[in-house]
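Novice: Here's my sequence, what's the structure:
(one chain, ligands or ions: 1)
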Amino acid sequence: MHNLPVTEIFSSIQGEGPYVGVRQIFLRLPKCNLRCPYCDTETKVPQQVRIEKVPGTRLFSTLENPVPLNQFINLLQTFDFSIHHSLSVTGGEPLLWADELQVLLPLIKEEGLNIYLETNGTLPDQLLQILPVVDVISMDIKLPFDHKTYWDVHETFLRYSTQKEVFVKLVVNQNTPLKDLQQACDLIARVDPSILTILQPVTPVQGIQSPKPKQLLEWQSLLLEKLSNVRVIPQTHVFIGQL
Ligand code: SF4
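Specialist: Numbering: from 1, shown residues only. As a prediction, this is how the structure comes out:
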């Protein structure tokens, strides 16, 4: 039986995208293949998993990492599945653990919990490993940073994702180049112009500023020229004090 290193498990309120406000169990996994400049997530493998037993208390019990896969169902069942919309598998980049998730997620689905995957959208082969058991895919399109671009791999990933419910998130800031937004828009339009696309203003961090109101309106108009469903939704969990 495999093991899986975990950062934390907790029950909270989804703060991003079209499912904002739903209650989810969050399974946060460590490690990431990218280094986004606005990243606010610790991605190192911790020695111990943190599990918030009573939601909102910030009181965590701990468990040694990695966790044997056959212990997960018992661990998750300490949360009441009936009040949760789904299990949010998040990171870091959770698809770095596709081998382990391929074993684990079907067991969780059998227990009646839907699977909501939050991913940076750069590992299409790994997505295929778990795609049959995923219900909703929240996929980032990473605009170029550090002189690296991800257009081709994102397009492949998005094409695979259309077998399931998928929406795309573009995190934007005051200095986002218009040409990058145009390129992202063209990519989505080539796959399917009806794919829900979220412009997510960055939560200010390390000198990176949120876009001005006028910029958001202009960018949404621009994307709506080729895409039929474009919404502006900020991260909400930060201003309601959720994890
Ligand atoms: S993909 Fe997500 S976890 Fe990875 S560096 Fe970027 S923001 Fe952080």
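
Novice: Might you list the low-confidence residue ranges for this structure?
Specialist: For the chain, residues meeting the criterion pLDDT under 70 lie at 1.

Novice: So the closest residue to Asp146 other than its chain neighbours versus Lys148, what's the distance?
Specialist: Nearest residue to Asp146, sequence neighbours excluded (CB to CB, 6 or more residues apart in numbering): Arg35, at 7.2 Å. The C-beta positions use only the backbone N, C-alpha and C, and glycine is treated the same way. Remark: distance between Arg35 and Lys148 (CB to CB, to the nearest Å) = 9 Å.

Novice: Quick one: residues in contact with stretch 203-223.
Specialist: 37-38, 40, 172-176, 178, 181-182, 185, 197, 199, 201-202, 230-232, 234-235, 238 (CB atoms under 8 Å, 6 or more residues apart in numbering).

Novice: and the residue lying closest to Asp192 once chain neighbours are set aside, what is it in contact with?
Specialist: The shortest distance from Asp192 to any non-neighbouring residue, by CB to CB, 6+ apart, is to Thr162 (6.0 Å). Shown in contact with Thr162 (CB under 8 Å, 6+ apart): Val191, Asp192, Ile195.

Novice: Tell me which stretches of the chain form helices.
Specialist: Assigned by DSSP state H, the chain shows helices spanning 72-76, 98-110, 124-130, 151-161, 178-191, 213-224.

Novice: Would you format these as TSV with mean neighbour count and distance to Gly92 included?
Specialist: As requested, the helices of the chain are arranged in TSV below (neighbours: other CB atoms under 10 Å; distance: least, CB to CB, whole Å):
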stretch	mean neighbour count	distance to Gly92
helix 72-76	15	17
helix 98-110	17	12
helix 124-130	18	13
helix 151-161	19	17
helix 178-191	17	23
helix 213-224	15	28
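
Novice: Looking at those helices, which is nearest to the ligand?
Specialist: Among the helices of the chain, the nearest to the ligand by CB to the nearest ligand atom is helix 151-161 (12.2 Å).

Novice: Just want the angle from the closest one to helix 178-191.
Specialist: 30 degrees (axes from the mean of the first three to the mean of the last three CA atoms, to 10 degrees).

Novice: how close does the residue positioned nearest the centre of the chain sit to Ser11?
Specialist: By CA atoms, centre = their mean, the mean C-alpha position of the chain lies nearest to Glu118, the distance being 2.2 Å. In this structure, Glu118 and Ser11 are 16 Å apart, going by CB to CB.

Novice: for Leu117, same thing?
Specialist: Computed with CB to CB, the distance linking Leu117 and Ser11 is 18 Å.
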